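Participant: predicted model and sequence below, questions to follow.
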Amino acid sequence: MYDYSRLRRFPDVEAPNLQAWDATDELLVDWARTAGIAGECIAVIGDEYGAITLALTDAGLRGIRVHQDLVTGRRALANNARALGSDPDAFTSHELDETLLRGAQLVLVQLPKSLAALDEIADAVARWATPEVVLVAGGRVKHMTLTQNDVLARHFMSVHPQRATRKSRLLVAASPPSPPSQPAPPAEKPLPVPETTTHVVSHTADGFSPVEFTLCAYGGAFAGSKLDIGTRALLDAMPALSAGYRAQGSTVGRSQLRKNEAAAGQNASNDGVNDQISGVANEGMRVIDLGCGTGALAVAFALQHPTAAIVATDRSAAAVRSARATVSANGLDDRITVTLDDAGSELPDGGADLVLLNPPFHLGASVHEGAGRRLIEAAARLVRPGGEVWTVFNSHLDHRRALTRVVGPTEQVSRTPKFTVTRSTRHA
């Protein structure tokens with residue numbers, strides 16, 4: 001029996017109520033061990049911290065291929081393998097592509113949160129694995145829906161839910177038999193394309209032009225090609241952010257801000273942008289969109305600030321793939337670099353004039369402030385002294401106190417019942 005308790009989540013957030021495996025991992029491992037399939041014919045998708053992969057290699061299977069969307073999961077798998085003395089050549093890491101699934105007879109999947117991500121996985125398995133492939137997908141019963149069965153049924157002839165065990169359940173999907181040979185093979189099914197939506201962010205603030213951009217999203221990206229409401233809140237605060245850049249580093253005082261607000265027909269007494277004007281110079285500005293998702297903030301900012309050089313980074317491979325598509329769709333490949341990274345760990349300290357931050361407040365299916373706090377600490381490391389961190393977060397969270405402690409003086413720019421936008425200035 002494999003000892004799952006030895007596994008760690010590091011470098012992801014660790015806490016007494018967060019563990020690196022669950023009963024679903026164990027059910028998937030048990031299924032694979034009794035299937036009698038060689039390791040080189042097994043693919044694992046969504047193995048959060050390596051529990052499935054390392055338990056199977058511990059059972060003597062070799063050649064397992066694994067795909068993890070989050071770079072934190074990839075690093076946790078490598079760390080656990082090294083710490084537990086697992087054979088580093090017993091598995092290989094892949095993106096969600098043909099190299100992962102070519103020749104696969106058994107595919108083990110931790111069910112993703114979104115149906116779009118599940119559809120992308122099922123399409124890839126049906127497209128590239130062997131005709132006799134069996135896909136076994138598992139999840140916690142409280143997070144499962146009948147619609148997941150329907151998604152799998154789009155790509156497989158049979159989908160059979162298994163009996164729930166320890167509050168987890170497996171879904172077993174099998175492909176149809178190979179069709180008889182035909183005089184002319186059918187045309188190859190086209191590869192999935194990203195979902196796209198055009199957004200217009202309109203403001204009446206003085207000197208701030210409306211921004212129109214296309215947002216692209218592949219299956220596993222949070223919120224798809226829609227603007228999540230946190231991103232929208234930060235975009236709505238951009239007139240205050242942009243005014244300081246247009247001033248080329250000068251601090252715009254309250255009187256000038258009120259003139260701008262009056263010209264826009266706004267009430268200067270609103271709880272909003274009074275004195276919330278950036279003092280970062282525009283020329284050659286270095287900007288990081290930390291936890292960029294599909295790239296909305298990076299693209300909107302680049303369109304308003306044509307001299308800014310922007311790095312958009314995220315720990316999700318699906319998000320990075322989507323952000324790159326978004327950047328290309330808006331003709332900004334020469335202005336925005338998109339990287340797959342954990343909290344900007346590969347970026348230099350103090351290299352940014354400005355960090356844009358919309359941190360998550362979930363870790364998987366758990367609500368936990370740890371993910372946001374990690375990004376706040378990363379933002380403090382990445383921004384130069386005197387530079388700024390603009391953050392949007394759920395109003396009930398205590399992130400403002402953390403920003404003040406870790407980054408520096410923090411002011412509220414805007415607030416809605418759900419979201420708060422703040423500006424933090426990095427202390428020396």
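Facilitator: Thanks, I have the structure now.

Participant: what lies in contact with stretch 317-330?
Facilitator: Residues from elsewhere that reach stretch 317-330 (C-beta atoms under 8 Å, 6 or more residues apart in numbering): 69-71, 95-96, 117, 194, 196, 213-222, 292-296, 298-299, 302-303, 312-314, 333, 336, 338-340. C-beta coordinates here come from the backbone N, C-alpha and C atoms, glycine included.

Participant: residue contacts, the residue positioned nearest the centre of the chain?
Facilitator: The chain has residue 316 as the residue nearest its centroid, 3.9 Å off, counting by C-alpha atoms, centre = their mean. Each residue near residue 316 by C-beta under 8 Å, 6+ apart is listed here: 69-71, 220-222, 293, 340.

Participant: quick one: which of the residues you listed has the most company?
Facilitator: Highest neighbour count within the contacts of residue 316, by other C-beta atoms under 10 Å: residue 221, with 30 neighbours.

Participant: can I assume that one sits in a strand?
Facilitator: No. Secondary structure of residue 221 (DSSP: H, G, I helix; E, B strand; the rest coil): coil, not part of a strand.

Participant: what sits against it?
Facilitator: 293-294, 316, 318-319, 321-322.

Participant: how about the longest strand along the chain, which residues are buried there?
Facilitator: Longest strand of the chain, by residue count under DSSP state E: strand 383-394. Residues of strand 383-394 classed as buried: 383-384, 387-394 (neighbour count, 16 or more other C-beta atoms under 10 Å).

Participant: elements contacting it?
Facilitator: If contacts are counted by 3 or more C-beta pairs under 8 Å, 6 or more residues apart in numbering; DSSP states H and E, strand 383-394 sits against helix 229-236, strand 352-357, helix 370-382, helix 399-406, strand 419-425.

Participant: what's the closest of these to residue 101?
Facilitator: helix 370-382 (29.7 Å; C-beta to C-beta).

Participant: run through who's touching the closest one.
Facilitator: Applying C-beta under 8 Å, 6+ apart, the contact partners of helix 370-382 are 13, 15, 18, 288, 290-291, 343-345, 347-352, 355, 357, 359-363, 389, 391, 393, 397, 399, 402-403, 406-407, 426.

Participant: try stretch 388-395
Facilitator: By C-beta under 8 Å, 6+ apart, the residues outside stretch 388-395 that reach it are 230-231, 233-234, 237, 241, 278-280, 353-359, 361, 372, 376, 379-380, 383, 399, 403, 407, 413, 415-426.

Participant: now, which of the contacts of residue 316 sits nearest residue 1?
Facilitator: Using C-beta to C-beta, residue 70 comes nearest to residue 1 of the contacts of residue 316, at 27.5 Å.

Participant: quick one on the thing from earlier: so how far is the longest strand of the chain off the chain centroid?
Facilitator: Relative to its parent chain, strand 383-394 has a centroid offset of 20 Å by C-alpha atoms, centre = their mean, to the nearest Å.

Participant: just the CA trace of that strand, in PDB.
Facilitator: The C-alpha coordinates for strand 383-394 follow below in PDB (Å, rounded to 0.1, in the frame of the first residue of the first chain):
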ATOM      1  CA  VAL A 383       8.400  45.800  -8.200                       C
ATOM      2  CA  ARG A 384      11.200  48.300  -7.800                       C
ATOM      3  CA  PRO A 385      11.300  50.800  -4.800                       C
ATOM      4  CA  GLY A 386       8.800  53.600  -5.600                       C
ATOM      5  CA  GLY A 387       7.000  51.400  -8.100                       C
ATOM      6  CA  GLU A 388       3.400  50.400  -7.700                       C
ATOM      7  CA  VAL A 389       1.200  47.300  -7.300                       C
ATOM      8  CA  TRP A 390      -2.400  47.700  -8.400                       C
ATOM      9  CA  THR A 391      -4.500  44.900  -7.000                       C
ATOM     10  CA  VAL A 392      -8.200  43.900  -7.200                       C
ATOM     11  CA  PHE A 393      -9.600  41.400  -4.700                       C
ATOM     12  CA  ASN A 394     -12.800  40.300  -3.000                       C
END
